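> okay, sequence plus prediction incoming.
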Amino acid sequence: MNVMLTPNRTESRTRPGAYGTPGHFGRVEWFDVVDRETNELLPWTVSRVDGGEVVVNHPSDGVVPGLRSLNAAAELIHARRMPSLRE
């Protein structure tokens, strides 16, 4: 893989309760995406919600939710970068 994820920050969020249940204190971890060869910061952002679902965000490609791991996110970004690396 030609990308790596580096931790950026962690945020704790209070979510409103649903159907009368108490609020939930969630944790969102944010990761920067860096090119392994050049150490260039890439335009993708990756987040992991409560240690589970991983979400990939790109300014022009949009949002890809529902990934199961950070490795899956890195593989997705690698695959999307491949056409631009061949040019």
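Perfect, thanks for sending it.
> mind checking how far stretch 39-56 is from the chain centre?
Put simply, stretch 39-56 sits 1 Å off its chain's centre (CA atoms, centre = their mean, to the nearest Å).
> report the buried residues of that stretch.
Neighbour counts over stretch 39-56 (16 or more other CB atoms under 10 Å) mark Leu42, Trp44, Thr45, Val46, Ser47, Arg48, Val54, Val55, Val56 as buried. The C-beta positions use only the backbone N, C-alpha and C, and glycine is treated the same way.
> and what of stretch 55-68?
Val55, Val56, Asn57, His58, Val64, Leu67.
> now do the fourth one against Val64, distance only.
Distance of His58 to Val64, computed by CB to CB, to the nearest Å: 8 Å.
> repeat that for the second one.
Shown here: Val56 relative to Val64, a distance of 4 Å by CB to CB.
> middle-most residue in the protein, spatially?
Val46 (1.4 Å; CA atoms, centre = their mean).
> beta-bridge partners for that residue, please?
Phe31, Val56 (DSSP bridges).
> tell me how far it lies from Met1.
For Val46, the distance to Met1 - CB to CB - is 13 Å.
> sorry, back to before: got any residues that touch both of Val56 and Val64?
Leu76 (CB atoms under 8 Å, 6 or more residues apart in numbering).
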